[in-house]
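Visitor: could you look at this predicted model? Sequence included:
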Amino acid sequence: MQSVPEEWREGRDEREGGGAGGGGEGMHAKNGEMLVKRRVDSEEMNGGWKKKNGVEEVEVSEKESLMMELTRMVQKMVKESSWWERRGIDCSILAAAFFCLPPAFLLLASSQLLWFLAGMLLMGVAHAVLTIKGTHLASHGALSESQAWAKLWAVFFIEICGSFSARAGVQGHIKMHHAHTNVIGLGDSSVWKVPFLPRSVYLFIAPLAVPIITPLVALAHLKGNSLAHVVRTVLMITLGLYSQYWLLINVSGFNSPLGALLCMLICRNMFSVPYIHVNIFQHIGLPMFSPTGRPKRIYQMTHGVLNLPRNPVLDWVFGHSLINCHVEHHLFPFLSDYMCLKVKPVVSKYLTERKLPYQEDSYFSRLSVFFHKYQELMVFAPAITELVGVQ
Ligand SMILES: [Zn+2]
């Protein structure tokens with residue numbers, strides 16, 4: 001992979017994960033020249049694609065050129081950006097969250113209610129930044145240029161901080177959700193559906209079980225993995241949970257184990273409700289595609305992804321790629337949160353000028369849609385959309 005610039009690494013991930021339909025596209029560097037390659041799983045031979053060793057190097061057809069043109073514009077912006085913009089800002093936010101943990105443990109030792117609550121808030125926010133923004137960026141390998149470090153960060157953020165399996169996280173998020181966004185049976189977000197729960201319970205109460213369910217789901221995902229992998233994941237998840245518990249008892253001075261566990265549950269739950277909301281708001285209810293009739297990537301992502309408006313809290317805790325730049329993130333999943341924000345004006349202008357959708361809606365408007373159309377969106381099977389005329 002040496003010849004592939006790290007900035008474009010996600011293209012590799014998508015091709016690796018793009019098991020069906022050959023939807024993944026990515027940029028490869030070869031002798032300083034950018035070539036578009038596309039994996040071929042079927043006998044599909046259209047628009048000037050030319051088969052070579054299972055990978056097609058193409059003379060770009062009219063229909064492919066939109067994504068290519070936009071990719072070139074974004075690539076140029078990435079190349080002109082400093083390391084600080086490409087990775088530094090987001091790494092600093094994550095480091096700041098981590099360094100908020102010691103004062104949070106100390107504040108939790110206070111007998112003054114106000115200081116104690118401040119400690120709780122600080123720990124809850126820091127934990128959410130690490131487990132939502134951190135795990136997301138780490139799963140994309142967006143925190144480091146080196147693949148070895150990227151793997152290490154994935155284990156740190158996803159397993160130690162997030163109590164989940166790094167392998168299952170990357171598989172579910174990168175290789176299914178991103179590679180097959182809104183494709184029925186593959187990346188259709190149905191993993192978030194719990195149809196037997198009433199809407200109020202699903203939207204406002206069930207999310208509070210996320211910190212308990214997450215490690216249990218991680219354990220279920222370990223089935224079939226090597227013993228070494230199972231042992232590592234169990235150890236890392238235990239390390240994350242036990243270190244917080246130990247510090248609450250020994251640094252914050254909690255007298256009872258139950259009190260420490262309750263504090264952990266409250267801190268880890270501070271953003272569980274918006275976490276579930278954001279995960280369903282940005283895809284469910286938008287066009288869904290069949291695995292055999294999926295549109296080209298640019299149509300798939302512009303029709304199947306929605307941006308929420310900027311929000312000072314969610315921007316920091318979730319990151320731009322999950323909130324106000326989700327469309328940009330799905331088009332260019334290797335970009336860091338800050339880079340998504342930087343390319344947003346270019347992407348939105350380009351899509352609008354080409355009469356492609358650039359979907360945006362407010363958090364509360366989406367909440368209202370999900371509340372009032374809960375059966376249709378979260379219980380019944382979604383309808384398949386065929387984008388006639390753009391295939
Ligand atoms: Zn992502």
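Guide: Cool, the structure landed.
Visitor: right, and residue 230 touches residue 222 too?
Guide: Yes. Using Cβ atoms under 8 Å, residue 230 is in contact with residue 222, at 4.8 Å. In this view, the C-beta of every residue, glycine as well, is placed from N, C-alpha and C.
Visitor: of the two, who's got more company?
Guide: The neighbour count for residue 230 versus residue 222, taken as other Cβ atoms under 10 Å, is higher for residue 222 (18 against 15).
Visitor: what's near enough to touch the more buried one?
Guide: 165, 229, 230, 233, 234 (Cβ atoms under 8 Å, 6 or more residues apart in numbering).
Visitor: identify those among the residues you listed that sit within helices.
Guide: Counting by DSSP state H, the part of the contacts of residue 222 found in helices is 229, 230, 233, 234.
Visitor: out of the contacts of residue 222, who's nearest residue 90?
Guide: Nearest to residue 90 among the contacts of residue 222: residue 165, at 23.0 Å, using Cβ to Cβ.
Visitor: tell me the pLDDT of the residue lying closest to the closest one once chain neighbours are set aside.
Guide: Nearest non-adjacent residue to residue 165, counting by Cβ to Cβ, 6 or more residues apart in numbering: residue 218, 4.4 Å away. Residue-level confidence at residue 218 comes out at 92, pLDDT.
Visitor: residues near residue 218, how many?
Guide: Each residue near residue 218 was counted by other Cβ under 10 Å, and the total is 23.
Visitor: ok, which stretches of the chain are strands?
Guide: Assigned strands in the chain, in chain order: 25-30, 33-39, 49-52, 55-58 (criterion: DSSP state E).
Visitor: low-confidence ranges in the stretch 51-200 of the chain?
Guide: 51-64 (pLDDT under 70).
Visitor: can you map out the helices along it?
Guide: Along the stretch 51-200 of the chain, counting by DSSP state H, counting those that start in this stretch, helices occupy 65-80, 83, 89-99, 101-107, 113-128, 135-139, 147-154, 166-170, 199-200.
Visitor: among the ones you listed, which is the most enclosed?
Guide: Compared across the helices of the stretch 51-200 of the chain, helix 135-139 shows the largest average neighbour count, a mean of 25 (mean count of other Cβ atoms under 10 Å).
Visitor: residue 67 touches residue 295, doesn't it?
Guide: No. Here residue 67 does not reach residue 295: they are 11.3 Å apart, not a contact under Cβ under 8 Å.
Visitor: neighbour-wise, give me the winner out of the contacts of residue 222.
Guide: residue 165 (29 neighbours).
Visitor: got the domain ranges for the chain?
Guide: Here the domain assignment for the chain is 6-80, 83-271, 275-379, based on automatic domain parsing.
Visitor: so can I have CSV of those domains showing distance to residue 385?
Guide: Shown next, in CSV, are the domains of the chain (distance: least, Cβ to Cβ, whole Å):
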stretch, distance to residue 385
domain 6-80, 15
domain 83-271, 8
domain 275-379, 4
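Visitor: can you say which of those domains is packed in most?
Guide: Most buried among the domains of the chain, counting by mean count of other Cβ under 10 Å: domain 275-379, with a mean of 19.
Visitor: which stretches of the stretch 251-391 of the chain have low pLDDT?
Guide: Residue ranges of the stretch 251-391 of the chain with pLDDT under 70: 381, 383, 386-391.
Visitor: mind running it again at 90?
Guide: For the stretch 251-391 of the chain, the stretches flagged by pLDDT under 90 are 284-300, 354-355, 374-391.
Visitor: can you give me the helices for it?
Guide: Under DSSP H, counting those that start in this stretch, the stretch 251-391 of the chain gives helices at 257-268, 272-281, 297-304, 312-317, 326-331, 337-353, 363-372, 374.
Visitor: tabulate those helices (TSV), appending distance to residue 181.
Guide: Shown next, in TSV, are these (distance: least, Cβ to Cβ, whole Å):
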stretch	distance to residue 181
helix 257-268	28
helix 272-281	13
helix 297-304	5
helix 312-317	21
helix 326-331	6
helix 337-353	16
helix 363-372	17
helix 374	22
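Visitor: which of those sits closest to residue 119?
Guide: helix 257-268 (9.1 Å).
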